[in-house]
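In: just the structure for this:
(4 chains)
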4 protein chains.
Amino acid sequence: MAKHEYIINRRVEFNETDMAGIVHFSNFFRYMEYAEHAFFRSLGHSIVDPDLGVGWPRVHCNCDYNHPLMFEDEVEIHMLISAKTSKTMSYQFRFRKDGTEVARGNVTIVCVRRNKVGEMKSTRIPPEIADIFEVAPADKLAD
Amino acid sequence: MAKHEYIINRRVEFNETDMAGIVHFSNFFRYMEYAEHAFFRSLGHSIVDPDLGVGWPRVHCNCDYNHPLMFEDEVEIHMLISAKTSKTMSYQFRFRKDGTEVARGNVTIVCVRRNKVGEMKSTRIPPEIADIFEVAPADKLAD
Amino acid sequence: MAKHEYIINRRVEFNETDMAGIVHFSNFFRYMEYAEHAFFRSLGHSIVDPDLGVGWPRVHCNCDYNHPLMFEDEVEIHMLISAKTSKTMSYQFRFRKDGTEVARGNVTIVCVRRNKVGEMKSTRIPPEIADIFEVAPADKLAD
Amino acid sequence: MAKHEYIINRRVEFNETDMAGIVHFSNFFRYMEYAEHAFFRSLGHSIVDPDLGVGWPRVHCNCDYNHPLMFEDEVEIHMLISAKTSKTMSYQFRFRKDGTEVARGNVTIVCVRRNKVGEMKSTRIPPEIADIFEVAPADKLAD
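Out: Numbers count the residues shown, from 1 in each chain, chains lettered A, B, ... in the order given. Here you go, the predicted structure:
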């Protein structure tokens, strides 16, 4: 059964804060990746799989911030598959603290293989991965 | 004379790479901030100015990646002021390596003051800062 | 009952690796702090406590590395209180993967208060914190 | 002519600070590495050299902190070669701000090659690297 969403919690660490006393905005992208990789593991896979031999560089990302996160805040990261093509996947991420959405972001990744000179070239997502994810229903994504 | 653009170079550091052998995508946002703060300094200011008493949280950011950056690559960061309101500023960032654009991103910041209970509330950008930046010409931004 | 040790697990994240394919050595210090703060929480405290009004800068740290850690490795962090004075605490950290010690480090922190001009000055550890930790038995530390 | 020391400056970046308003202690190790790699470059080499095919994992590091560093502080990093064996090199690092030493640290690296199953095994430092560095005079190191 393909899955379209995943939820994981994470507690803000001291080194993730900056002198403004809040989580540095760049760390939300690390949080997104944290959720993505846990989603893969929850389906019995790893995003780094030598047998598949593909990589997943990010080609786009964005984030909108509504409320700051602070040290030891427990944040819920809700990840949804927002789009899928033969070579790319797009994710939506919602960050909630005590039920309030504090940030929302998106990431698009592309499946690549290295060519003979080591350059990354886009390639079809292997079925082992393509088949375990499905795009979330439109109404969920629009929420 | 208000300024609308700034260029600074930076060399990729080892700790900024990941096991894929390229700069981790989240670091581009640190690079953007690096350029922003150097732009402020180049105009005789610091983004952290106790006399002004304002903060500048980020409310939006995004980045599109065309080519990876690798260890010791020298990257040129070209920052343009893309929009200005009474309380916000938006930046465009272009990353170039050997003349080729490898990534392009945007950041919007909002000027805030802390209220009595420590919450950040948006406020007018002090003239000391508002007056030194101007929006870049439309054709430059559209380039 | 004062406590002298704490164990917590953590999974290596992608952004913590570098182009050598292993966890960047500086991240072990973030892992140590992660364990320290969880130890505080496990005893009903936070290392950031506005009621106490003290800070805990690090005055010494070190780490010896025996084996690399890789992406998605699950590492056990074993933290022991190795020394305590009226103003400082020292910790020993042992990192294990599949039962094998991969690294061992130490951190010494000092309790400080800000003086009127904002400088950090060492101060006695408040009893609320001093009383919940005790030095681990010598044979455990020597192990 | 082999060299035994190198000095480079660096300005503290916003994301390197934490909620205590000072540079997070783990970042001093990133600063050390920054100086090391610039030292290599200053001698016409890169610490990542495919022709040599060796790696340089860190096997020990430590740091003592005397004074905090803050945003936009300009710190001078003074690196000295403190020891050299056939397979390892040790460095001493002194951090100065406005002439005052704020921190001092050490790092030991070991030269490795990957064996057939990808494990890192210690190996002799290639002469191309061994010959360009020499241990600093004892009185300089003891200073």
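In: ok, longest helix in chain A?
Out: For chain A, the helix with the greatest residue count under DSSP state H is helix A:27-42.
In: wait, doesn't A:V112 sit right on A:P57?
Out: Yes. Because the distance of 6.1 Å satisfies CB atoms under 8 Å, A:V112 is recorded as touching A:P57. Just so you know, the C-beta spots here come from the backbone N, C-alpha and C atoms, and that holds for glycine as well.
In: what's the overlap in contacts for these two?
Out: Common neighbours of A:V112 and A:P57 (criterion: CB atoms under 8 Å, 6 or more residues apart in numbering or on different chains): A:M120.
In: the two: which has the busier surroundings?
Out: Taking other CB atoms under 10 Å in any protein chain shown, A:V112 and A:P57 do not tie; A:V112 has more neighbours (19 against 16).
In: how near is the more buried one to B:P68?
Out: Distance of A:V112 to B:P68, given as CB to CB, to the nearest Å: 10 Å.
In: hey, what's in contact with both of those two?
Out: Common neighbours of A:V112 and B:P68 (CB under 8 Å, 6+ apart) are A:P57, A:M120.
In: now the closest residue to chain B within chain A: closest residue in space, sequence neighbours ignored.
Out: Residue nearest to chain B within chain A (CB to the nearest CB): A:N62, separated by 3.4 Å. Once flanking residues are discounted, A:N62 sits nearest to B:N62: 3.4 Å by CB to CB, 6 or more residues apart in numbering or on different chains.
In: for that neighbour, helix, strand, or coil?
Out: strand (DSSP: H, G, I helix; E, B strand; the rest coil).
In: isn't A:S82 up against A:P137?
Out: No. Counting by CB under 8 Å, A:S82 does not reach A:P137; the two are 10.8 Å apart.
In: tally of neighbours for A:P68?
Out: 19.
In: right, and it touches A:A103 too?
Out: No. Using CB under 8 Å, A:P68 is not in contact with A:A103, being 9.2 Å away.
In: just the helices in chain A please.
Out: Under DSSP H, chain A gives helices at A:27-42, A:127-130, A:138-142.
In: D:F28: which of the ones you listed is closest?
Out: helix A:27-42 (19.8 Å; CB to CB).
In: that closest one packs against which elements?
Out: strand A:5-11, strand A:58-65, strand A:74-84, strand A:88-97, strand A:100-110 (3 or more CB pairs under 8 Å, 6 or more residues apart in numbering or on different chains; DSSP states H and E).
In: follow-up on the earlier one: hmm, who's touching the longest helix of chain A?
Out: In contact with helix A:27-42 (CB under 8 Å, 6+ apart) are residues A:3, A:6, A:8, A:10, A:16, A:46-47, A:61, A:63, A:65, A:75, A:77, A:79, A:91, A:93, A:95, A:103, A:105, A:107, B:25-26, B:29, C:13-15, C:72.
In: of these, buried ones?
Out: Burial by neighbour count, 16 or more other CB atoms under 10 Å in any protein chain shown: within those this picks out A:6, A:8, A:10, A:16, A:47, A:61, A:63, A:65, A:75, A:77, A:79, A:91, A:93, A:95, A:103, A:105, A:107, B:25-26, B:29, C:13-15, C:72.
In: for the closest residue to A:M120 other than its chain neighbours, give me its contacts.
Out: Closest residue in space to A:M120, ignoring its immediate chain neighbours: A:V112 at 4.0 Å, by CB to CB, 6+ apart. Applying CB under 8 Å, 6+ apart, we find A:V112 in contact with A:V54, A:G55, A:W56, A:P57, A:M120, A:K121, A:S122, A:T123.
In: who does A:V112 form a beta bridge with?
Out: Here A:V112 sits in beta bridges with A:G55, A:S122, going by DSSP bridges.
In: per-residue confidence at it?
Out: Here the pLDDT value assigned to A:V112 is 98.
In: what's the answer for the one 4 residues further on, then?
Out: In this prediction, A:K116 carries a pLDDT score of 92.
In: how far away is it from chain D?
Out: Remark: distance between A:K116 and chain D (CB to the nearest CB, to the nearest Å) = 15 Å.
In: so which residues on chain A come close to chain D?
Out: With CB under 8 Å from any CB of the partner chain as the criterion, chain A meets chain D at residues A:F14, A:N15, A:T17, A:D18, A:M19, A:A20, A:G21, A:I22, A:H24, A:S26, A:M70, A:F71.
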